[in-house]
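>>> Sequence and predicted structure, then a few things I'm wondering about:
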Amino acid sequence: MVTGTGLVERAGELRESARRRAADAEEQRRLTPDVVAGVLESGFARHFVPVGFGGVEGGFSEFARAVAVVAEGCAAAAWCASVASSLARVAAFLPAQGQAEVWAGGADAFVVGSLSPAGKAAAAPGGWRVSGSWACVSGVDFSDWVVVCAVLPGQAGARLFALPRGAYAVKDTWSASGMRGTGSNTVVVDDVFVPEPRSVDRQRLFDGPAVPIQAVNGLSCAPSALGAARGALRLWTGDTARRLARGAGKAGGPGPSLGTYEAVLARSSGEIDAAALLLERAAHVADRGALITEAEIARNVRDYALSTELLVGAVNRMFAAAGTSGQSAGSPLERAWRDVNSIATHIALTFDPAAVLFASRPFALEAAA
């Protein structure tokens with residue numbers, strides 16, 4: 001049975017193809033072209049695109065479930081799928097003419113980008129001249145458009161600018177211990193003119209009229225960790241069952257006892273389930289759109305960080321009990337362990353700032369009671 005737009009069901013097919021090519025993506029430090037094609041064919045790019053431009057204006061709950069499904073096979077593919085959805089959603093804040101340019105070739109345009117104000121922009125007749133360098137732009141090698149953020153000299157705030165492929169260069173800089181397959185290279189823009197319709201004040205992302213970005217920013221990241229942790233649990237459970245069948249876990253024998261394996265299974269699976277419930281609630285709240293309250297925003301931000309901490313704990317525990325075979329460099333479990341720990345370092349998932357935001361709002365504390 002197909003649910004919603006069918007994104008979750010199509011994500012299941014993408015999961016299997018991404019799983020088969022995960023090792024290749026690791027080696028090449030970017031997704032393989034067939035997996036990128038699968039991301040677009042599955043409907044991730046068009047998920048948040050306005051209907052008027054060929055999109056489906058899908059919801060956050062469906063999006064988060066679909067990303068987690070893909071991540072069970074390959075966290076890097078899931079991350080880039082999330083980028084394709086999330087940056088298209090950002091592009092939907094552009095003026096109508098700018099949106100029409102971005103999706104002139106169809107709603108499956110692959111939009112990537114960075115919301116960090118790492119560039120500079122100066123007003124020019126009919127638009128802006130933009131320069132700068134933005135690191136860690138996932139999926140950029142296959143992108144059709146990029147959205148970058150720049151500050152304006154002498155002015156507070158920042159603006160977003162949409163540039164088509166050919167208006168920016170890609171510098172190969174991505175070398176990381178985890179999420180290697182995301183191809184998160186650097187975008188370089190050298191004094192490029194951007195027409196006014198392809199620019200918008202970044203504050204629009206925070207003020208609406210759609211759901212504020214701070215309420216959903218972590219939802220672009222945490223579901224990839226959730227899916228990767230689920231994939232790790234499946235791998236660890238299978239490996240452990242085979243280890244026990246060979247005689248491991250016996251009382252008085254070498255290595256962990258059967259009780260140790262049972263405790264790892266129960267606690268790690270429980271933490272993964274708890275993280276999933278937190279993210280499910282956060283996505284459900286995000287689907288309320290402009291009706292979301294400040295208390296709910298603060299709770300969502302907290303829950304993105306807290307769920308990720310739970311996932312890191314679960315994966316680290318399984319990895320510690322996996323033995324040398326499970327910890328072999330390049331093994332699927334070892335890759336999932338690296339990927340989850342890497343995802344957890346994203347600024348949107350940092351717990352301490354989330355705690356400050358939550359605790360500084362008395363109404364948030366009341367909502368949690």
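That came through, no problem.

>>> partners of Pro195 in the sheet?
Applying DSSP bridges to Pro195 yields these beta-bridge partners: Gly127.

>>> Is it correct that Ala229 falls within a strand?
No: counting by DSSP: H, G, I helix; E, B strand; the rest coil, Ala229 falls outside a strand, being helix.

>>> Tally up the residues packed near the closest residue to it other than its chain neighbours, please.
Excluding its sequence neighbours, the residue lying closest to Ala229 (Cβ to Cβ, 6 or more residues apart in numbering) is Leu311, at 4.4 Å. Just so you know, the C-beta spots here come from the backbone N, C-alpha and C atoms, and that holds for glycine as well. Neighbour count for Leu311, taken as other Cβ atoms under 10 Å: 31.

>>> go on, Pro197?
Neighbours of Pro197 (other Cβ under 10 Å): 17.

>>> tell me the contacts of it?
Pro197 is in contact with Leu94, Pro95, Ala96, Gln97, Gly98, Glu101, counting by Cβ atoms under 8 Å, 6 or more residues apart in numbering.

>>> which parts of the strand or helix carrying the residue nearest to Ala229 are buried?
According to DSSP states H and E, Leu311 maps onto helix 294-320. By 16 or more other Cβ atoms under 10 Å, the buried positions in helix 294-320 come out as 295-308, 310-315, 317-319.

>>> Now do it: distance to the chain's middle.
14 Å (Cα atoms, centre = their mean, to the nearest Å).

>>> Quick check: next helix or strand after that helix?
Taking DSSP H and E, what comes next after helix 294-320 is helix 323-326.

>>> Excluding covalently adjacent residues, which one is nearest to the residue nearest the centre of the chain?
Residue closest to the average C-alpha location in the chain (Cα atoms, centre = their mean): Cys221, at 3.2 Å. Leaving aside its sequence neighbours, Cys221 sits nearest to His346 (Cβ to Cβ, 6+ apart; 4.9 Å).

>>> isn't that neighbour right up against Ser224?
No: counting by Cβ atoms under 8 Å, His346 sits too far from Ser224 to count as a contact (9.6 Å).

>>> The two - which one has more neighbours?
Per other Cβ under 10 Å, whichever of His346 and Ser224 has more neighbours is Ser224, with 32 against 21.

>>> returning to that earlier point: now for the helix holding Leu311, which elements pack on it?
Counting contacts by 3 or more Cβ pairs under 8 Å, 6 or more residues apart in numbering; DSSP states H and E, helix 294-320 packs against helix 222-245, helix 258-286, helix 332-343, helix 351-359, helix 362-368.

>>> Backbone torsions only: list them for Trp174.
Main-chain torsions, Trp174, degrees, to the nearest 10: phi -80, psi 110.

>>> contacting residues for it?
Arg29, Arg30, Cys136, Arg180, Thr182, Gly183, Ser184, Asn185.

>>> Let's see that with 10 Å instead.
29-30, 135-138, 140-141, 180-186 (Cβ atoms under 10 Å, 6 or more residues apart in numbering).

>>> Now list the buried members of the contacts of Pro197.
Leu94, Gly98, Glu101.

>>> that older thread, include distance to Val192 and mean pLDDT when you put the helices and strands packed on helix 294-320 into JSON lines, please.
Shown next, in JSON lines, are these (distance: least, Cβ to Cβ, whole Å; pLDDT from 0 to 100):
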{"stretch": "helix 222-245", "distance to Val192": "31", "mean pLDDT": "95"}
{"stretch": "helix 258-286", "distance to Val192": "33", "mean pLDDT": "96"}
{"stretch": "helix 332-343", "distance to Val192": "31", "mean pLDDT": "97"}
{"stretch": "helix 351-359", "distance to Val192": "33", "mean pLDDT": "93"}
{"stretch": "helix 362-368", "distance to Val192": "42", "mean pLDDT": "55"}
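
>>> re earlier: can you check which residues contact both of His346 and Ser224?
Trp79, Met179, Thr308.

>>> Please identify which of the helices and strands packed on helix 294-320 is closest to Arg165.
helix 222-245 (24.7 Å; Cβ to Cβ).

>>> Please, where are all the strands along the stretch 51-200 of the chain?
111-124, 127-137, 145-151, 158-164, 169-171, 185-195, 199-201 (DSSP state E, counting those that start in this stretch).

>>> Take the ones you listed and lay them out in CSV including mean pLDDT.
Shown next, in CSV, are the strands of the stretch 51-200 of the chain (pLDDT from 0 to 100):
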stretch, mean pLDDT
strand 111-124, 97
strand 127-137, 98
strand 145-151, 98
strand 158-164, 98
strand 169-171, 98
strand 185-195, 98
strand 199-201, 97
